[in-house]
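S.K.: Kindly return the folded structure for what I paste below:
(one chain, ligands or ions: 1)
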Amino acid sequence: MSVKVCKFGGTSMADGAVIKSVKNIIDSDAHRKYIVVSAPGKRYSADIKVTDLLYKCHEQLMSEGDLKTSFSAVRARFEAIVKELGLDLDIKAILDETEERIARECSEDFTASRGEYLSARIVAEELGAKFVDAEQVIFFKENGKLDGEKTYATVAAALNGAQRAVMPGFYGCGADGKVKTFSRGGSDISGAIVARAVSASVYENWTDVSGFLACDPRIADSPRQIKRISYKELRELSYMGANVLHSDSIFPVRRANIPIQIKNTFRPQDEGTAILPSSRYTPSGSVVTGVAGKKNFTVIFIEKSHMNAEVGFIGKVLNALTCEGVPVEHIPSGIDTMSLVVESCRLPEDKLERILEEIRNAVEPDVLRVTENIALIATVGHGMSSSVGTSARLFKAIADADINIKMIDQGSSELNIIVGVHNDDYEKCIRAIYSEFFK
Ligand code: ASP
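M.R.: Model (predicted):
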């Protein structure tokens with residue numbers, strides 16, 4: 001029988017009532033066998049996510065040597081959930097043990113991981129499913145990266161034969177044998193790992209929206225729903241800030257050609273968005289799939305005559321950033337010019353000064369200029385490479401909106417065109433592109 005792996009996010013775990021609807025969703029399809037859960041999220045907009053409460057517990061533990069007061073809020077959340085579900089689970093004993101281990105381990109990662117751990121214990125009980133602790137099956141290497149080989153084999157062995165199983169997301173076991181978390185939102189990655197380990201037919205990611213929208217709804221009015229998107233398109237859009245899904249969660253499933261289906265726990269009847277490997281992807285017919293962007297980049301512009309003929313020029317320039325540990329996002333270039341686009345938060349003033357000095361010494365540029373407050377906007381779609389005039393439409397729409405383009409980068413994939421504009425023009429530019437291609 002083909003197997004579906006389902007990951008339920010924080011809002012799907014927020015209280016007893018929604019966990020009951022999660023159970024209905026799982027019960028309605030016998031293929032939904034393996035479940036990965038997040039820590040309880042917000043119940044209302046001013047509420048605090050359990051993971052954030054746990055980070056506060058760690059802070060209190062470090063500053064006051066005790067976590068009693070901060071842990072009481074975590075306690076209250078889980079006790080209420082167990083009560084609402086009417087479960088026969090000794091949550092008090094589990095919470096006591098958890099609090100005691102948090103105090104003993106004194107580790108931020110361990111403390112933060114307990115939201116997922118407790119959620120999974122409760123959901124396993126509610127479903128009558130096996131509980132598989134991520135600490136025993138997900139492994140990181142010395143360099144902090146996932147140890148895929150060991151992890152996939154161990155996850156598969158732990159799930160083998162289980163009718164249904166629940167695993168906490170967000171964490172695993174570090175090379176030092178201690179609990180280690182992924183970055184925030186990392187339960188999405190855990191779900192993808194389980195899907196890969198069991199060769200799932202689909203990885204269902206249940207959240208609180210009905211999939212991806214073609215544009216940020218805070219910027220354009222009721223943007224169109226994306227029904228199908230390729231991994232590559234999604235990677236471009238989520239890198240640029242479309243954040244329904246953790247961008248690293250694509251990698252484990254992509255290699256195994258497993259599709260991801262984004263679904264809404266609160267509207268399970270909605271189709272959602274299917275994220276498909278290129279082999280299964282058929283374009284939806286629209287030239288552009290989505291538009292997304294990010295503010296606050298810095299552009300370092302370098303001009304030097306005959307730059308193209310100077311062997312190792314680009315290497316020397318990049319070396320100046322490497323020495324300062326600064327990653328470069330894009331490198332648009334011309335014959336005698338090149339620009340380095342860097343996230344501004346990576347460049348505190350002293351670092352920027354050192355980098356510029358190093359570039360001056362290494363390549364003696366004719367012009368070296370820094371432009372700050374740049375927003376990047378990516379227009380993404382497989383359809384763009386095959387349709388004539390897409391860039392003309394894009395640039396005309398931006399010009400008609402009276403926006404000055406400061407940088408253009410089409411990359412080499414023909415999957416996207418990135419434009420750089422002043423931060424102040426960001427929203428206006430996204431709206432102009434969106435209405436050109438979708439209205
Ligand atoms: N609970 C963690 C966070 O808030 C991980 C997750 O939800 O995926 O970041």
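S.K.: Spell out which parts of the stretch 51-200 of the chain neighbour the ligand.
M.R.: Thr51, Gly115, Gly169, Phe170, Arg184, Gly185, Gly186, Ser187, Asp188 (CB under 6 Å from any ligand atom). The way it works is simple: take the backbone N, C-alpha and C, and place the C-beta from them, glycine included.
S.K.: Which residues are in contact with the first one?
M.R.: Shown here is Thr51, whose contacts under the criterion CB atoms under 8 Å, 6 or more residues apart in numbering are Gly10, Ala39, Ala112, Gly115, Phe170, Arg184.
S.K.: now swap in Asp208 and tell me
M.R.: Contacts for Asp208 (CB under 8 Å, 6+ apart) come out as Gly9, Thr11, Ser12, Asn264, Thr265, Phe266.
S.K.: okay, it: pLDDT?
M.R.: Per-residue pLDDT puts Asp208 at 93.
S.K.: residue contacts, the residue positioned nearest the centre of the chain?
M.R.: Of all residues in the chain, the one closest to the mean position by CA atoms, centre = their mean is His246, 1.8 Å from it. By CB under 8 Å, 6+ apart, His246 lies in contact with Phe182, Ser183, Gly185, Gly186, Ser187, Asp188, Ile189.
S.K.: One more: Leu394?
M.R.: So Leu394 contacts Thr379, Ile417, Val419, Ile433, Glu436 (CB under 8 Å, 6+ apart).
S.K.: Let me know the pLDDT of Phe251.
M.R.: pLDDT, Phe251: 87.
S.K.: Now it. Nearest residue, chain neighbours left out?
M.R.: Spatially, and ignoring its direct neighbours in sequence, Phe251 is nearest to Ala192 (7.4 Å; CB to CB, 6 or more residues apart in numbering).
S.K.: in which helix or strand would I find the one you found?
M.R.: Per DSSP states H and E, Ala192 falls inside helix 187-197.
S.K.: what does Arg369 give?
M.R.: Per DSSP H and E, Arg369 falls inside strand 367-380.
S.K.: Check which helices and strands that strand sits against.
M.R.: Contact here means 3 or more CB pairs under 8 Å, 6 or more residues apart in numbering; DSSP states H and E; on that basis strand 367-380 packs against helix 231-239, strand 290-303, helix 349-363, strand 416-422, helix 426-438.
S.K.: mean confidence score for that strand?
M.R.: The pLDDT scores in strand 367-380 average 96.
S.K.: by how many degrees do it and strand 416-422 diverge?
M.R.: Angle, strand 367-380 to strand 416-422, by axes from the mean of the first three to the mean of the last three CA atoms, to 10 degrees: 130 degrees.
S.K.: Please identify the residues of the stretch 251-400 of the chain in proximity to the ligand?
M.R.: The stretch 251-400 of the chain comes close to the ligand at no residue, as judged by CB under 6 Å from any ligand atom.
S.K.: For stretch 395-402, buried residues please.
M.R.: Buried residues in stretch 395-402, counted by 16 or more other CB atoms under 10 Å: Ala397, Ile398, Ala401.
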